[in-house]
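S.K.: sequence? don't have it. structure:
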């Protein structure tokens, strides 16, 4: 039986870390992981991190401000037997809210 685990993250960096760990360490197919803004507004999370803080290029100043309009939602479709592993990986990556559907 399939389950969907949904987590919210405060930063894009935390959401990306969660996806990376699920795929590389736990063998979850990337096609079974969805990242989106839970509302209609574009968002980079609720607080800046990573590329939202720095340009990523030495000597180049960051221009603009990130859209901080709400959390980033990561949903994972997995077998019911993987539920605890997926939830644990999401929590370790910094999930602020977690639910199973």
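M.R.: Nice, thanks for sending it over. Just so it is clear, the structure is predicted and the values come from calculations on it, not from any experiment.
S.K.: and the nearest residue to residue 2 once chain neighbours are set aside, how many neighbours?
M.R.: Of all residues not flanking residue 2 in the chain, residue 77 sits nearest, at 5.8 Å (CB to CB, 6 or more residues apart in numbering). All C-beta atoms are positioned from the backbone trio N, CA, C, and that covers glycine. Neighbour count for residue 77, taken as other CB atoms under 10 Å: 17.
S.K.: so what's residue 77 bridging to?
M.R.: With DSSP bridges applied, residue 77 shows beta-bridge pairing to residue 4.
S.K.: how close does it sit to residue 33?
M.R.: According to CB to CB, to the nearest Å, residue 77 stands 8 Å off from residue 33.
S.K.: my read: residue 97 touches residue 38, true?
M.R.: No - in this structure residue 97 lies outside contact range of residue 38 using CB atoms under 8 Å: 9.9 Å.
S.K.: shared neighbours, those two?
M.R.: Common neighbours of residue 97 and residue 38 (criterion: CB atoms under 8 Å, 6 or more residues apart in numbering): 8, 71.
S.K.: List the contacts of the residue nearest to residue 2.
M.R.: Per CB under 8 Å, 6+ apart, neighbours of residue 77: 2, 3, 4, 32, 33.
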